[in-house]
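>>> Make a model of this:
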Amino acid sequence: MATDVEFKIGPDWGAEMDYDSFASYAAAQAKNLVTADERHVLQPKGICGPLRLDSADGWVTDSTRYILVAPLEVDWWNGVRGSASAIAMARGSTTGDVNNLVNVPYTQVWHLQFTSDAPYNDAPSWDTVLWACGASIIFDSCCFDPSAFENASGCGVFTASDTIIAVFRNCAFFNGITSPNYPAFFTSDNGGPWAIATEHLNCCFYSNNANGSVPFGASHSYEGDRIQPESTVTLRNCVGIKSLPGALRSFAVSCPTLIEHNNATDERALVETSLTSPSDVYSITSANEFVTTATALVNFHLKGTAIALPGAGADLSLYFTEDVDGDTWQMPWSIGYDEPGGAYSVPLAYILENSQ
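Take a look at the predicted model:
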């Protein structure tokens with residue numbers, strides 16, 4: 001059994017702080033965790049800078065000796081847009097300055113909010129929340145939102161790496177508000193081909209994209225030639241919502257894709273010839289199902305009167321058992337990140353900040 005070594009990250013810890021940022025931690029601690037027989041548990045509080053973990057810096061991990069980013073419950077992102085007080089600021093770049101990279105195998109990230117660290121058109125010119133993630137990474141109950149604290153542009157997640165094997169559970173993805181010409185989730189070969197495999201379980205995608213000339217929306221690709229055949233995408237019990245009507249696709253993909261027990265959009269059913277084995281694809285009215293889908297206040301918790309999504313999902317207990325709030329998923333599973341009837345609470349720090 002590996003020894004857990006805890007680190008308190010972020011100036012909001014005050015005198016208890018071990019490192020003022022993720023970057024300071026990584027610079028000081030990068031090492032072979034297997035040889036040390038350690039699991040590093042990072043407890044972020046407040047704004048902690050970019051979460052850059054790169055195996056090139058000397059990290060060696062395995063399935064029991066790895067990095068776990070796990071805020072205390074009071075600091076969780078809990079499913080309400082902007083609710084987190086444990087925050088990773090991040091910025092992608094077309095210039096190659098990738099400063100928000102998670103690329104250490106077996107890393108797990110829980111209940112953390114990723115948001116942009118620069119407004120739209122601030123250098124570097126293209127802002128996004130997560131630029132690239134590497135092999136065997138799990139994001140559990142995380143939010144990827146460029147516009148949570150800045151009116152930024154860009155994607156919630158932009159993956160561009162030679163090998164990506166990432167699992168997203170109970171996560172939410174948003175595109176930028178200021179110039180919403182990017183999807184909520186974008187998988188690109190970016191000059192590859194890459195071997196990209198992403199799995200999304202009980203996740204929610206939200207796009208306020210008004211550009212209907214290309215398949216943006218809550219998508220995995222916005223140009224058909226940008227995804228290589230080696231790439232695969234799995235969506236199970238996921239929700240795709242686009243707030244503006246038009247020629248948009250909520251899930252626009254051009255690589256082999258399995259969609260199981262998903263709704264496509266609240267405007268129309270999903271019809272894509274590129275999909276492999278789509279099944280139980282739902283068309284819903286979002287106002288009937290969720291607390292709110294107003295752009296700045298999105299809350300994908302299910303209403304008590306929701307009718308289409310409760311109990312309509314596939315059983316994913318083989319993969320995980322808790323929803324975004326830590327409530328146990330019940331049979332039959334529901335679509336989205338919320339187990340109906342479970343409790344959720346807004347972190348105290350968010351209440352104080354937004355009551356001024």
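>>> alpha carbons only for contacts and neighbour counts from here, please
Will do.
>>> could you dump stretch 285-296 to CSV, C-alpha only?
The C-alpha coordinates for stretch 285-296 follow below in CSV (Å, rounded to 0.1, in the frame of the first residue of the first chain):
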residue,chain,number,x,y,z
THR,A,285,-37.0,19.9,-23.9
SER,A,286,-34.3,21.1,-21.6
ALA,A,287,-36.5,23.4,-19.6
ASN,A,288,-38.5,20.4,-18.4
GLU,A,289,-35.5,18.5,-17.2
PHE,A,290,-32.9,20.9,-15.6
VAL,A,291,-32.9,23.5,-12.9
THR,A,292,-31.8,26.1,-15.4
THR,A,293,-29.9,26.3,-18.8
ALA,A,294,-29.6,30.1,-18.7
THR,A,295,-26.1,30.7,-20.2
ALA,A,296,-24.5,32.3,-17.1
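>>> buried ones in it?
286, 288-293 (16 or more other C-alpha atoms under 10 Å).
>>> Now, the residues you listed that are in strands?
290-292 (DSSP state E).
>>> ok, of those residues, which one's closest to R169?
Comparing those against R169 with C-alpha to C-alpha places F290 closest, at 18.5 Å.
>>> dump the residue contacts of A172.
79, 141-144, 203-206 (C-alpha atoms under 8 Å, 6 or more residues apart in numbering).
>>> oh, I was asking about T61
32-34, 67, 104-106.
>>> Just give me the longest helix of this protein.
For the chain, the helix that runs over the most residues, judged by DSSP state H, is helix 22-29.
>>> looking only at pLDDT, what's the mean for that one?
Mean per-residue pLDDT for helix 22-29: 96.
>>> now swap in stretch 40-58 and tell me
92.
>>> Buried ones in that stretch, by neighbour count?
40-55.
>>> Equivalent analysis for stretch 300-311, please.
300-303, 306, 308-311.
>>> repeat for stretch 10-18
Buried, per 16+ other C-alpha under 10 Å, within stretch 10-18: 10-13, 17-18.
>>> Output these as TSV; include the columns secondary structure, pLDDT and distance to L72.
Shown next, in TSV, are the buried residues of stretch 10-18 (DSSP: H, G, I helix; E, B strand; the rest coil; pLDDT from 0 to 100; distance: C-alpha to C-alpha, whole Å):
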residue	secondary structure	pLDDT	distance to L72
G10	coil	96	13
P11	helix	94	15
D12	helix	95	13
W13	helix	97	11
M17	coil	98	14
D18	coil	98	15
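>>> Tabulate those (a markdown table), appending distance to D4.
Output for the buried residues of stretch 10-18, formatted as a markdown table (distance: C-alpha to C-alpha, whole Å):
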| residue | distance to D4 |
| --- | --- |
| G10 | 19 |
| P11 | 22 |
| D12 | 22 |
| W13 | 19 |
| M17 | 17 |
| D18 | 15 |
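>>> Closest one to A135 out of these, please.
Nearest member of those to A135, counting by C-alpha to C-alpha, is G10, at 26.2 Å.
>>> just checking, the closest one touches L51?
No: applying C-alpha atoms under 8 Å, one finds G10 not in contact with L51, separated by 11.7 Å.
>>> what bits of the protein have low per-residue confidence?
91-100, 118-134, 148-153, 158-164, 177-182, 186-196, 208-232, 242-284, 342-356 (pLDDT under 70).
>>> ok so, going back, so of the contacts of T61, which ones are in strands?
I67.
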